[in-house]
Structures are given as structure tokens and as C-alpha cells.
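J.: Sequence and predicted structure below; questions after.
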Amino acid sequence: MSDRPITEDDLHAYVDGVLEPERRAEVAAYLEDHPDVARRVAAFSDQRDLLRKALAPIADEPLPPQLNLSGIIEKRQRRRAPVWWAVAAMLMLSIGGIGGWVVRGNLQASSGGLAALAQEAAYSYHVYAPDRVRPVEIRASDSTQLVQWVSNRLKQPVKLPDLTGAGYRLMGGRLIATSHGPAAMFMYDDDRGDRLVVLTRPMASEQSAPMAPHSGGDVSGFAWADDGMGYSLVGQAAAESLKPIANEVRRQARTI
Amino acid sequence: MSDMLRQVEPVIPALRRYARALVRNRAAADDLVQDCLERAVSNWERRREGDPRPWLFTILHNLAVNQFRRIARRGKHIAIDEANEDDFGQDAVQEQKLMYQEVLELLARLPEEQRAVLLLVAVEDLSYADAAKVLDIPIGTVMSRLSRARERLQREIEGTADGAPKKVVQLRSMK
């Protein structure tokens, strides 16, 4: 045994398990003789355990796509090849300009009414979802006013879908002009800031139509019509994850 | 590049945990980690040899501190996540969950500098020397902050257990 006095630092190092074995034994012996100090050290150890256990689940969560390191490396490499990047961007722009927002999928063949609605929802998403300043005209906090306003303008009782079960909060909404008259747009976001748009308006043709997927550019969604009202849900998430949300919107709209 | 992937990828969960414990908002914390990874990728050649963990935590910590300062300057509000049941193991019993939530609440009341030391040392297993590097402070300061953090957290835990939580929030706002 050395005759070095035990320090506060030793006690913390003891708690953190970073002492040399010899010193550790000395501290342990000291604690046996000093129950008050031993109690404090034991409390620090418990505290350490508790913190580790309380925070451990965060490290076990699956990583979101934004933290995919390969993706980050790739993005960086693209940036380091500016000429190629510029060429690729120009190509994408020209392709996008021609065909970017054209709605594809099952809808095109099947119908006029729903396809138009899906297209309007995609346009609305592209115009309003990237808007960081004023994506909606009336905020969720005034949702009663929002529902009243759009119901008046659509001359139909409009029900506000509640998507909290799917992890999406209502941000608010606005009125959209379409070639078929006004439509109500509601916007939602999740914890990651990913946004969804639900568009609804009265249908001139196809008063009732089964749910059909549509996609165009970088967005996809689902459209359907029930009792004269058409609905389209659009987002950037994968179609399979949007489907249950669309089902939920439809279920809620049916239970007015 | 594969070398970087091999060394950095395993640290990402710990970086998320540290960021989340510091800013207490999932989206804001993950944004910080993303920013940290982007910087790590751009500056990989400039790091020092050896374990990349302290280096990564240094980048992340500085980003977090800058964000705190920006928020303080602008008076901007970052929503604090409600304690989410999913954040705790599914099979954890209710009482344990409450204890976990409570200790995280109390942790959040520590001054930011004490919280950072406690997290780096007690949760992320950084050595005292590495924690000193990350925080750019002498090792003696690491030890004194660690000591103060533990004493204070202990008082809070005991205070809560007695059903008499201390009014630490008020003390803090007076500083």
C-alpha cells in the first residue's frame, strides 16, 4: 500500500472504473473504513448506472436516413466533382422540365377526374411543402376557423384528418385554386420535418372511385373519391408508408 | 473512404445519444449529428491518428455549443421532446421508466458545462484526458465539473425522492 492520501479525484475515478488495480484496492480499503464516504460513492455509482440505462435506448434506435454515413460520403464526393455534378444537374433540370410533375401510375389510364386531382395535389405539394416561411395560410392553432372557411368555400362539410396516430401533426391549411374550383389543402409534418399534403375538393366526374396510387417527380401519393368528394394524399415518403395514412384519411372522412 | 466508414459508423449511435441528451429534441439532435458527420467526412484527412471518438465528439460538442449560443442570442425556442415511451425499452417496467424519465429531467437542469462532462465521462466512457480535449479545458476543470455535476445531481435525486424537489430552475436563471 502506498501512503498517498485518497483524493476526490480518486473517488470519481473509482466510480468510473478507471483506477489502476493497486490504487483501486487502496480506495476500496479506505471506503470500508469510511462508511459516509462509501455511501456517497455508492450513490454516484447508482447515478452513473441510472444515467447509462436511461440513455441507452437512444443508441439502440435505428439510424434515420439522414445519418447514413455512406450517403454523406457519396454526397461529398459528388460535390468534389463539380463538372459532372453540373452536367447531371442540367440533365435533371431538362428532364424535370419536360416530365417532372406529370402524374404517372395506375391513374393515367383509368380516369380523368382522379388523375386531375392527384396532379393538383402534387403541384400543391411542390409549391407549398418546401416553403419554410408560410407553408399554410391558417395554422393548426386556428383549425376551427380553417375548417369553417374551407367548408364554406367548398360548399361541403370538410373534415380535418387527424394523423397523429401515424406520427404526423397538422401544420394548418389553405385554399387552392384548381380548374375544377376551390380545393382545401391540409399540411402535416412529422418529428423529422417530413411533410405531407392532403388535398380535397368536390368531384365533377368520378364521384366515387377506389384508392389508386400515383407518383410523379420525387413525390408519390394516393387518390380516391367518396360520395362526390375527391381526396389525394401526397408526400415524399415511400408509397408503402403513405398507403396506411391514406387509408386512415379515408376512414376518418367516411365517419363524418 | 472505407477506412473512414469502418471507424466512424460505429460511433454514430453514441453521437446521437450525446446530442439528444444535450439538446433534448430528437430532430434538432439528429440535425447536429448530421452536420457533425458532414464535417468529419470533409476533414477526415486532417484528423489526428488514433481513436476518432474524441475528435468526433469535439466536432459535435462545438456544433451544439454554437447552436446554444445562437438560440440564446435570437431567443429562439427549440421544442423539448415530451418524454416518449418509445424512448425506453419496451419491456422495461413502468416504475423503471419513470425513474429513467426523472433522472433525465434532473440531468437537464444541470448547467450545460457540467452536463457535458458528466455525459462524456459517465455515459460515453471518454477518458478524463479525452473529455478535457473535447471541451478544450484543463483536466483539473474536468474533475471539478464532474464532481459538482455528481453532487448536484445527487442532491436533486434525493430531493425528489423526499418529495421536495429543489428549486434549481430558479437558481439557474439568476446566474
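T.: Yep, that arrived. These numbers come from a predicted model, not from an experiment.
J.: For chain B, just list every one of the helices.
T.: Secondary structure of chain B (DSSP state H): helices located at B:2-8, B:12-23, B:26-42, B:53-74, B:94-109, B:112-118, B:128-135, B:139-161, B:168-174.
J.: Confidence-wise, which of these is weakest overall?
T.: With a mean of 41, helix B:168-174 has the lowest mean pLDDT of these.
J.: about what we covered before: can you list the helices of chain B in TSV and add mean neighbour count and distance to chain A?
T.: From N, CA and C alone the C-beta is placed, and that goes for glycine too. Putting the helices of chain B into TSV (neighbours: other C-beta atoms under 10 Å in any protein chain shown; distance: least, C-beta to the nearest C-beta, whole Å) gives the following:
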stretch	mean neighbour count	distance to chain A
helix B:2-8	13	6
helix B:12-23	23	4
helix B:26-42	20	5
helix B:53-74	17	11
helix B:94-109	17	4
helix B:112-118	20	7
helix B:128-135	20	7
helix B:139-161	18	5
helix B:168-174	10	16
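J.: domain assignment for chain A?
T.: A:8-60, A:102-254 (automatic domain parsing).
J.: Now the weakest link among those domains, please, by mean pLDDT.
T.: Among these, domain A:102-254 scores lowest, at a mean of 86.
J.: wait, does that one make contact with chain B?
T.: Yes - residues of domain A:102-254 contacting chain B under C-beta under 8 Å from any C-beta of the partner chain: A:191-193.
J.: Name only those of those that count as buried.
T.: A:Asp191 (16 or more other C-beta atoms under 10 Å in any protein chain shown).
J.: Name the single longest helix found in chain A.
T.: Per DSSP H, chain A has its longest helix at helix A:35-60.
J.: now the angle between helix B:94-109 and it, please.
T.: Using axes from the mean of the first three to the mean of the last three C-alpha atoms, to 10 degrees, the inter-axis angle of helix A:35-60 relative to helix B:94-109 is 100 degrees.
J.: Give me the buried positions along helix A:35-60.
T.: So, applying 16+ other C-beta under 10 Å, buried residues of helix A:35-60: A:38, A:40-41, A:43-44, A:47-48, A:50-51, A:53-55, A:57-59.
J.: who does the helix or strand following that helix touch, helix- and strand-wise?
T.: Sequence order places helix A:69-80 as the next helix or strand after helix A:35-60, per DSSP states H and E. Here helix A:69-80 touches helix A:82-99, helix B:2-8, helix B:26-42, going by 3 or more C-beta pairs under 8 Å, 6 or more residues apart in numbering or on different chains; DSSP states H and E.
J.: Out of the domains of chain A, which is the most enclosed?
T.: Of all these, domain A:102-254 has the most neighbours on average by mean count of other C-beta atoms under 10 Å in any protein chain shown, namely a mean of 18.
J.: and it, how far out from the chain's middle?
T.: 16 Å (C-alpha atoms, centre = their mean, to the nearest Å).
J.: swap in stretch B:59-66?
T.: Centroid separation between stretch B:59-66 and its chain, computed with C-alpha atoms, centre = their mean, is 10 Å.
J.: about what we covered before: ok, the longest helix of chain A near chain B or not?
T.: Yes - Helix A:35-60 is in contact with chain B by C-beta under 8 Å from any C-beta, via A:40, A:43-44, A:47-48, A:50-60.
J.: quick one on the thing from earlier: mind giving me JSON lines with the domains of chain A and columns for distance to B:Arg74?
T.: Conversion of the domains of chain A to JSON lines gives the following (distance: least, C-beta to C-beta, whole Å):
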{"stretch": "domain A:8-60", "distance to B:Arg74": "27"}
{"stretch": "domain A:102-254", "distance to B:Arg74": "15"}
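J.: among those domains, which is nearest B:Ile71?
T.: domain A:102-254 (17.2 Å; C-beta to C-beta).
J.: re the thing from before, out of the helices of chain B, nearest to A:Gln119?
T.: Of all those, helix B:26-42 comes closest under C-beta to C-beta, at 31.0 Å.
J.: Let me know the angle separating the helix or strand harbouring A:Met185 from helix B:26-42.
T.: Element membership for A:Met185, per DSSP H and E: strand A:181-189. Between the axes of strand A:181-189 and helix B:26-42, defined by the same axes, to 10 degrees, the angle is 70 degrees.
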